[in-house]
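1. With the sequence up front, the predicted model follows.
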Amino acid sequence: MFLELVLLGLLSTCTANTGVSEESEDQFKHWWHYCGIYGPEKWSTLRGKGLWKMCMDGKNQSPVDLQASRLIFDRTLDGLKFDGENELSGKIKNTGHHLQFETDTNSNRKFRVFGGPLDYSYTLTTIRLHFGNTSQRGSEHLVNGKAFPGEVQLMFFNNLYEDYNTARSKPNGLAVISIFTQLGNTTNTELDKLTSRSVLRELVYSDTFIPLSRMNVRELLPLTTDYITYQGSLTTPPCSETVIWMILNKPIYIEPDKFSLGLRELKTYRKENPEPNPLKGTMMNNFRPPFGLGNRILRTNIFMQENQDERCPVSKRVVVYKVNEGIMSPSNTRS
């Protein structure tokens, strides 16, 4: 495990700010990008009437840097619970911004999460990949200022609402489970379904998609019950501050060739479009820079018991995270 700590904790409560409604959103999905004059620093100015103003003015924006010194152990946080169907049908799509799996909204097969920091049940709608132009960066969230090669985000909507588009403008409307990707000799079997060369050859251009009949969500998740959670926002416009984030404390693995020979070859423009968009035509570095945590609290259920030190009976052990050549390893400190 690469995240372990002991800190006395307390609960956090945050008020969620809402974003723009869906009716005025879909037609502008190609307006924003990850660099240049349409990049994250400009998102708030790309729409009139301040419809994306939360991207700049929000106080609870995501992603954030997960600093060990800010982690608070909360003994009331249970492990996440899941129900519904393990295997879902849907489609794998190149959106021009991301490669993602979108569940079939007309299917009765659903995958839900509840428990932990969630007061309601949430239904999975999208599995989204973020990655960089090198393996030294790619994740949206950082750990002590260091990035992972990629980040897989499972996006859920609150079952109080009819669908994702309705829920994303509501307080606690969305929940996202985030998984870091780490380089390895083999690729997670379910991640391989999204990143195999045979699949990516069909998805080179924006707005292309292929069906996928069996995505086993449980097999995509790493074997851990530990996570970090905080109140945040969507990391794409309209940056609505309605998201409960849960970052799992184990990565899943992906072969380096999946990036160099596949994901980094995806295009951000349609095949029939003669001019590449401002991302210079290639999908990479599709991550938003991190924001300050502000007054928010990073809660965690990760606990490590240590034998009491006779010389310092109240000492506690904290694990500080270091990244060496893209591999996470803990080093112990005392306070």
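-> Cool, got the structure.
2. So which helix or strand of the chain has the lowest pLDDT on average?
-> Sorting the helices and strands of the chain by mean pLDDT, DSSP states H and E puts strand 327-334 at the bottom, at a mean of 32.
3. how near is the closest residue to residue 145 other than its chain neighbours to residue 231?
-> Distances taken as Cβ to Cβ, 6 or more residues apart in numbering put residue 65 closest to residue 145, at 5.9 Å, once the chain neighbours are dropped. To be clear about C-beta, it is placed using only N, CA and C from the backbone, and glycine gets the same treatment. Look at residue 65 and residue 231: by Cβ to Cβ, to the nearest Å, they are 16 Å apart.
4. what about these two, which has more around it?
-> Of the pair residue 65 and residue 231, residue 231 is the one with more neighbours under other Cβ atoms under 10 Å, namely 22 against 17.
5. The more buried one reaches residue 243, doesn't it?
-> Yes - the criterion here is Cβ atoms under 8 Å, and residue 231 meets it with residue 243 at 7.5 Å.
6. quick one: the helices in the stretch 1-150 of the chain?
-> Under the criterion DSSP state H, counting those that start in this stretch, the stretch 1-150 of the chain contains helices at 54-57.
7. quick one: low-confidence ranges for it?
-> Counting by pLDDT under 70, the stretch 1-150 of the chain has low-confidence residues at 1-29, 48-50.
8. ok, now with 90
-> 1-33, 35-39, 42, 44-51 (pLDDT under 90).
9. Hmm, residue 151 is touching residue 138, no?
-> Yes - using Cβ under 8 Å, residue 151 is in contact with residue 138, at 6.9 Å.
10. is the residue minimising distance to the centre of the chain in a bridge, and if so with what?
-> With distances taken as Cα atoms, centre = their mean, the residue of the chain nearest its centroid is residue 153 (3.5 Å). Partner residues in beta bridges with residue 153, using DSSP bridges, are residue 128, residue 178.
11. how far away is it from residue 213?
-> 22 Å.
12. residues contacting residue 132?
-> By Cβ atoms under 8 Å, 6 or more residues apart in numbering, residue 132 lies in contact with 138, 147, 149-150, 284-285, 287.
13. nope, residue 284 is what I meant
-> Counted by Cβ under 8 Å, 6+ apart, residue 284 has contacts 131-133, 263-264.
14. where does it fall, helix, sheet strand or coil?
-> coil (DSSP: H, G, I helix; E, B strand; the rest coil).
15. please begin residue numbering at 323 from this point
-> Yes, from this point I'll number from 323; that puts the last item at residue 606.
16. residue ranges of the strands in the stretch 373-522 of the chain, please?
-> Along the stretch 373-522 of the chain, counting by DSSP state E, counting those that start in this stretch, strands occupy 387-388, 393-395, 402-406, 409-416, 421-425, 433-437, 440-453, 464-465, 472-480, 496-505.
17. For the ones you listed, give me JSON lines that also has distance to residue 624.
-> Compiled in JSON lines, the strands of the stretch 373-522 of the chain are given as follows (distance: least, Cβ to Cβ, whole Å):
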{"stretch": "strand 387-388", "distance to residue 624": "11"}
{"stretch": "strand 393-395", "distance to residue 624": "7"}
{"stretch": "strand 402-406", "distance to residue 624": "13"}
{"stretch": "strand 409-416", "distance to residue 624": "29"}
{"stretch": "strand 421-425", "distance to residue 624": "28"}
{"stretch": "strand 433-437", "distance to residue 624": "16"}
{"stretch": "strand 440-453", "distance to residue 624": "18"}
{"stretch": "strand 464-465", "distance to residue 624": "13"}
{"stretch": "strand 472-480", "distance to residue 624": "19"}
{"stretch": "strand 496-505", "distance to residue 624": "15"}
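18. ok so, going back, and the residue nearest to the centre of the chain, how far is that from residue 542?
-> Taken as Cβ to Cβ, the span from residue 475 to residue 542 is 11 Å.
19. end-to-end on stretch 390-402?
-> End-to-end distance for stretch 390-402: 22 Å, by Cα to Cα, to the nearest Å.
20. still on that earlier bit, touching both of residue 475 and residue 542, which residues are there?
-> In contact with both residue 475 and residue 542: 449, 501, using Cβ under 8 Å, 6+ apart.
21. Where does pLDDT dip in the stretch 523-657 of the chain?
-> For the stretch 523-657 of the chain, the stretches with pLDDT under 90 are 582-583, 590-604, 606, 625-657.
22. Could you give the number of residues near the residue nearest to residue 416 when sequence neighbours are not counted?
-> Spatial nearest neighbour of residue 416, excluding adjacent residues (Cβ to Cβ, 6+ apart): residue 525 at 4.3 Å. Number of residues near residue 525 (other Cβ under 10 Å) recorded here: 22.
23. For residue 525, give me its contacts.
-> 414-416, 421, 531-532, 588.
24. Of those, keep whichever come out buried.
-> 414-416, 421, 531, 588 (16 or more other Cβ atoms under 10 Å).
25. Among those, pick out the one closest to residue 361, please.
-> Closest to residue 361 out of these is residue 588 (18.2 Å), distances taken as Cβ to Cβ.
26. okay, now the residue nearest to the closest one when sequence neighbours are not counted: neighbour count?
-> Sequence neighbours aside, residue 605 is the residue nearest to residue 588 in space, at 4.1 Å (criterion: Cβ to Cβ, 6+ apart). Using other Cβ under 10 Å, residue 605 is surrounded by 26 other residues.
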